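**Student:** 3D, please:
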Amino acid sequence: MKRKEPKILTERIDKDFLPFVRRPARYIGGEINQIKKDLANCDLSVALCFPDTYEVGMSYTGMAVIYEVLNRIQNVAAERVFAPWLDAEQIMREKNIPLFSLESRAAVNTFDIIGFSMTNELCYTNVLNMLDLAGLHIRSGSRGEDDPIIIAGGGMANCCEPIVPFIDLFVIGEAENAVADLVHLTIEEKKNGLSKKEILLAAARKFEWAYVPSFYKFEYVDDKIKSFTSIENLPTRFINAAIDNLDNAPVPAKPIVPFAQAIHERVSIEIMRGCPGRCRFCQASFCRRPIRYRSIDKIFEIAKNAFQATGFDTISLLSLSTADYPDIEKLIELLHSFFADKYVGLSLPSLRVDQQLKLLPTLVNEVRKSGLTIAVEAASERLRQIINKPLKDEDLFAAASAAFEAGWQKVKLYFMAGLPGETEDDIRQIVRLSDKLAKLHRNFDGRTASVNVAVSWLVPKPHTPFGWLAQKPDEYFANAKNIIITEKRRLNAKYLQFKFHEIHQSILESAISRGDRRLADVIEYAWRNGAKFDLWSETFKPQIWKDAFEKSGMNLDKAAQKQFSTDEILPWEHLGGPEKNYLLKHLEDAFTITDVYRP
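**Tutor:** Below is the predicted model of the structure:
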């Protein structure tokens, strides 16, 4: 790899771009606490790309951590890049302005490495769009020696086969240490005069979490995988990179204060990683292991430093299950003792409803009472047993009562439909349970609580026990939605506000998440025909995706509803995650409760 000279676009951006976009704050950079280095004097430059808007990407803690990790390395510069919104893209294409970074306003194609954080399957068309806006070929096989190395990580790396023809290397698992090791290796091998392919091969040989798809091939028989082999005598199963000690894991010392209001504008602190629960639909709970805790002293130190550096008025304690942090009460009391007189509140997302949660409302009067969020997932205890979420109604009602008594006025509930063994009565129970919770509030001030209910549709995820199962068809979900609306009207429950996830987005997510690399043609066709920002309801166009599957000789609904047999090779089983037999044991345990068809 040759040394790259950065191409700075400041003059063109100021003159031909910023005056014409609707929200220039998304693209100007220069925020408080940004890190800007001299790209020309660094050994390696990295463009950290998030395939969604500035407001979404600036709320993603993972990207902020990698930004901190790389910029701590003296001879490395990492800069942020977000997907331009539709108006900005139009201007960039009309005026031939390539995709650029925020810090130095450098053309992305002049960086040494381009790294994507991939948090959802429906961001894949934005990845292609950003590569194209950067002036690069979207397929790795068509890019040249002088083009940047394209890497990707995040949760989707564990099921990345549909997008592998566009990416040079995937970081499987937790990236903090992995990306630093990868960067050090790249710098060393660049100095040794190795080519891009040789650097990728060196990484693939050295790191058990480094997946370079071009060194592997699949053989297929009809719609099944016959074999997965390496053409370079490399391992054919990857191990998730993982941080051993969360206290030693890097965090942003001075979080960037965004110019455009981010979705979550607060100090976000990960207090534990992994989850003691094993909800059978949840990919993160099975892939992010073992469970690790950050110490109270370290959390307190991070909170103080970040507050002093930003002035944010909320401290958010993050994890897959915050209530399972072993010293949660002590931690909350410590934070309250320091922040209460500074008018800084605490946010406690991901609270599990159990005996411990009942204690929290009385302990945290300082927590903002705008709403209590509870992920119930299933409205009946039988269904919760099937999904391995052992929540009892009595604990749910006790937790809600304690919250109402402590001053909460609103509740937000999360449910899922399309679960194995689900009946129409289980779906109606979503409304009945929500109604009971709302009326519990009358015991405290005579008024019914306002309850917002979000209903999503089960997407069988890779690396989960439900990953073998077929997704329910769209007619099933449409009927479930109608059952819920009808039951709400029957109860005259105007205080319940339901919000439903877009059905066709969930169907597409199922089709892509469990697909293999033959879906790359589908993704490219969809992108070339206008698919982008597929996570946004106003831009998502289901017909484009149906046409893309048909053009590639496939059927979208059939792909989403595919049921895998337990003895076939899965498209994702080489990509980290638990052993197959462990997941199958979980699946068998679910079958002892329900009579759903075994794969």
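
**Student:** Pretty sure I243 sits in a helix.
**Tutor:** No - I243: not assigned to a helix; according to DSSP: H, G, I helix; E, B strand; the rest coil it is coil.

**Student:** residues contacting it?
**Tutor:** 174, 176-177, 249, 273, 292 (CB atoms under 8 Å, 6 or more residues apart in numbering). In short, each C-beta sits where N, CA and C put it, glycine included.

**Student:** Looking at the particular helix or strand that has L383 in it now, give me its mean pLDDT.
**Tutor:** Counting by DSSP states H and E, the element that carries L383 is helix 381-386. In this model, helix 381-386 carries a mean pLDDT of 94.

**Student:** Look at E524 and say how many residues are nearby.
**Tutor:** E524: 21 surrounding residues under other CB atoms under 10 Å.

**Student:** For A78, state which of the contacts of I243 is nearest.
**Tutor:** Set against A78, the nearest of those by CB to CB is E176 (13.1 Å).

**Student:** Pretty sure that closest one sits against P250.
**Tutor:** Yes - contact between E176 and P250 holds when scored by CB atoms under 8 Å: they sit 5.7 Å apart.

**Student:** So the two - more neighbours on which side?
**Tutor:** Shown here are E176 and P250; by other CB under 10 Å, E176 has more neighbours (19 against 15).

**Student:** Can you give me the pLDDT of the more buried one?
**Tutor:** 95.

**Student:** residues in contact with the closest residue in space to L133 that isn't next to it in sequence?
**Tutor:** Spatial nearest neighbour of L133, chain neighbours left out: L99 (4.1 Å); criterion: CB to CB, 6 or more residues apart in numbering. Listed by CB under 8 Å, 6+ apart, the contact partners of L99 are 81, 84, 92, 107-109, 130, 133-135.

**Student:** of all the residues you listed, which two lie farthest apart?
**Tutor:** With CB to CB as the measure, no two of those lie farther apart than P84 and N109, at 15.1 Å.

**Student:** give me the number of residues near K330?
**Tutor:** Other residues within reach of K330, judged by other CB under 10 Å, total 12.

**Student:** Setting the sequence-adjacent residues aside, check what's closest to it.
**Tutor:** Leaving aside its chain neighbours, K330 sits nearest to I296 (6.2 Å; criterion: CB to CB, 6+ apart).

**Student:** Please apply the same query to L39.
**Tutor:** Closest residue to L39 apart from its sequence neighbours, by CB to CB, 6+ apart: P6 at 4.0 Å.

**Student:** How is the one you found assigned, secondary-structure-wise?
**Tutor:** The three-state assignment at P6 reads coil, by three-state DSSP.

**Student:** Contact partners for it?
**Tutor:** Residues counted as contacts of P6 (CB under 8 Å, 6+ apart) are 39-40, 45, 104, 106-107, 110-111.

**Student:** With G62 instead?
**Tutor:** G62 sits next to 117, 119, 154, 175 when contact means CB under 8 Å, 6+ apart.

**Student:** Find me the pLDDT at the second one, would you?
**Tutor:** Read that as T119. pLDDT, read off for T119, is 94.

**Student:** Which strand or helix spans it?
**Tutor:** Going by DSSP H and E, T119 is not part of any helix or strand.

**Student:** Which ones among the contacts of L99 lie within helices?
**Tutor:** Within these, residues falling in helices by DSSP state H are 92, 130, 133.

**Student:** low pLDDT regions in the stretch 351-500 of the chain?
**Tutor:** The stretch 351-500 of the chain contains residues with pLDDT under 70 at 351-371.

**Student:** How about the chain?
**Tutor:** Filtered on pLDDT under 70, the chain yields the residue ranges 2, 350-371, 594-599.

**Student:** Tell me the spacing between the residue nearest the centre of it and I97.
**Tutor:** For the chain, the residue nearest the mean C-alpha position is T119 (3.0 Å; CA atoms, centre = their mean). Using CB to CB, to the nearest Å, T119 is found at 27 Å from I97.

**Student:** OK, contacts around K562?
**Tutor:** Per CB under 8 Å, 6+ apart, neighbours of K562: 223, 470, 514.

**Student:** Of the residues you listed, keep whichever come out buried.
**Tutor:** Neighbour counting by 16 or more other CB atoms under 10 Å classes 470, 514 among the contacts of K562 as buried.

**Student:** Restricted to strands, list the contacts of G62.
**Tutor:** Among the contacts of G62, the ones falling in strands (DSSP state E) are S117.

**Student:** Widest-spaced pair of the contacts of G62?
**Tutor:** T119 and A175 (12.4 Å).

**Student:** Just give me the residues shared between the contact sets of the two.
**Tutor:** The contact sets of T119 and A175 overlap at 62, 154 (CB under 8 Å, 6+ apart).

**Student:** returning to what we had before: what is in contact with E176 and P250 at once?
**Tutor:** Both E176 and P250 are contacted by 65, 69, under the criterion CB under 8 Å, 6+ apart.

**Student:** Quick check on the contacts of I243: which are buried?
**Tutor:** In terms of neighbour count (16+ other CB under 10 Å), the buried residues within those are 174, 176-177, 249, 273, 292.

**Student:** hang on, the earlier thing: my guess is the residue nearest to K330 contacts P326, does it?
**Tutor:** No - judged on CB under 8 Å, I296 makes no contact with P326 at a distance of 9.7 Å.

**Student:** Among those two, which residue is more densely surrounded?
**Tutor:** Each of I296 and P326 has its neighbours counted (other CB under 10 Å); I296 has more, 18 against 11.

**Student:** Which parts of the stretch 1-150 of the chain are helices?
**Tutor:** For the stretch 1-150 of the chain, helices defined by DSSP state H, counting those that start in this stretch occupy the ranges 10-12, 54-57, 61-72, 86-94, 124-133.

**Student:** So which elements touch the helix or strand hosting F218?
**Tutor:** Assigned by DSSP H and E, F218 falls within strand 216-221. In terms of contacts (3 or more CB pairs under 8 Å, 6 or more residues apart in numbering; DSSP states H and E), strand 216-221 is packed against strand 224-230.

**Student:** Now name the helix or strand holding the closest residue to M554 other than its chain neighbours.
**Tutor:** Once flanking residues are discounted, M554 sits nearest to V522: 6.6 Å by CB to CB, 6+ apart. According to DSSP H and E, V522 maps onto helix 520-528.

**Student:** Number of residues surrounding A175?
**Tutor:** By the measure other CB under 10 Å, the count of residues near A175 is 24.

**Student:** my read: it touches A241, true?
**Tutor:** Yes - A175 is within contact range of A241, at 6.7 Å (criterion: CB under 8 Å).
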